[in-house]
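Asker: got a structure for you, letters missing:
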C-alpha cells in the first residue's frame, strides 16, 4: 500500500512551516505513476508539465503537484517575508499528543534578532535576549515579537494542534526522525 494513502503528497525541505524563500526550499512530489510525469501548479495555474519530481523553489507562491494515479497534492505556500519582517515557524510533521514542538522566530532573510518574546494566547511565555527558539508541549495560538526602542515587529500568529495519540501509548524521543506529511500540517497560519 502507498505509505500516505492514495493521495499525492508534497514534501517540504527544510521541514519548517511556513516555508520561506531564503531557506532554499525544496519541494518533492510523492505519488503513484511514472517518475517524470509530474505536473506542477503555481498559484492555481498549470506551471510545469512533465517536470521533475523535485525542485528548488525560486519564487514565492502556492505550489501543488499532480501525479497520474494519485491526483493533485494539497497546496504548500512558500513566502518571501511578505507582510512582515518576522516569521514564526514550526516543524511540518504531524504532532501527536505529548510531543514537544520547537517554535522558531526568525528575522526576514535570517537577519539577526535579539530580545525576542514568545506569546501563547496573548500571554507572554518567555523573553530571550539572544535566543530565537522555544520548545514546549502545550497547544494553542502563538506569536513572537521583537522590540527595539519604540520599534516593534510582530509575526503572523500560528495555531499548534495535535493529530492523535501515540500508538500503544508510546512517546517517541524528540530525536526520532519525523514523517513529513504536509496534508497533516500541525499548524494553520492565520492572518492578524
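Answerer: Yes, it's here. Since the model is a prediction, treat every value here as computed from it, not as a measurement. Residues are numbered from 1 along each chain as shown.
Asker: distance from the longest strand anywhere in the chain to the middle of the chain?
Answerer: Counting residues, the longest strand found in the chain (DSSP state E) is strand 140-148. Remark: strand 140-148 is offset 17 Å from the chain centroid, using Cα atoms, centre = their mean, to the nearest Å.
Asker: got the buried residues for it?
Answerer: 142, 143, 144, 145, 146 (16 or more other Cβ atoms under 10 Å). For every residue, glycine as well, the C-beta is placed using N, CA and C.
Asker: touching, the third one and residue 88? I think so.
Answerer: Read that as residue 144. Yes - with contact taken as Cβ atoms under 8 Å, residue 144 and residue 88 are classed as touching, separated by 5.0 Å.
Asker: spit out the residues that contact those two alike.
Answerer: Residues touching both residue 144 and residue 88 (Cβ atoms under 8 Å, 6 or more residues apart in numbering): 103, 105, 155.
Asker: need those in CSV with distance to residue 25, can you?
Answerer: Conversion of the shared contacts of residue 144 and residue 88 to CSV gives the following (distance: Cβ to Cβ, whole Å):
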residue, distance to residue 25
103, 19
105, 19
155, 18
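Asker: sorry, back to before: which helices and strands sit right next to the longest strand of the chain?
Answerer: For strand 140-148, the helices and strands in contact under the criterion 3 or more Cβ pairs under 8 Å, 6 or more residues apart in numbering; DSSP states H and E are strand 86-91, strand 101-107, strand 116-120, strand 151-154, strand 158-160.
Asker: domain map for the chain?
Answerer: 9-78, 86-165 (automatic domain parsing).
Asker: give the pairing partners of the helix or strand hosting residue 27; include direction for each.
Answerer: Counting by DSSP states H and E, the element that carries residue 27 is strand 26-30. When pairs are called by DSSP bridges, strand 26-30 turns out to pair with strand 9-13 (antiparallel), strand 54-56 (antiparallel).
Asker: tell me which of the shared contacts of residue 144 and residue 88 has the lowest pLDDT.
Answerer: Across the shared contacts of residue 144 and residue 88, the smallest pLDDT goes to residue 155, namely 86.
Asker: with adjacent residues omitted, what lies nearest to that one?
Answerer: Leaving aside its sequence neighbours, residue 155 sits nearest to residue 88 (Cβ to Cβ, 6 or more residues apart in numbering; 3.9 Å).
Asker: what about that neighbour, distance to residue 44?
Answerer: Applying Cβ to Cβ, to the nearest Å, the value for residue 88 to residue 44 is 26 Å.
Asker: so the two - more neighbours on which side?
Answerer: Taking neighbours as other Cβ atoms under 10 Å, residue 88 and residue 44 compare with residue 88 leading, 26 against 10.
Asker: what is the burial count for residue 80?
Answerer: A total of 14 residues lie near residue 80 under the criterion other Cβ under 10 Å.
Asker: that one reaches residue 21, doesn't it?
Answerer: Yes - using Cβ under 8 Å, residue 80 is in contact with residue 21, at 4.4 Å.
Asker: thank you, goodbye.
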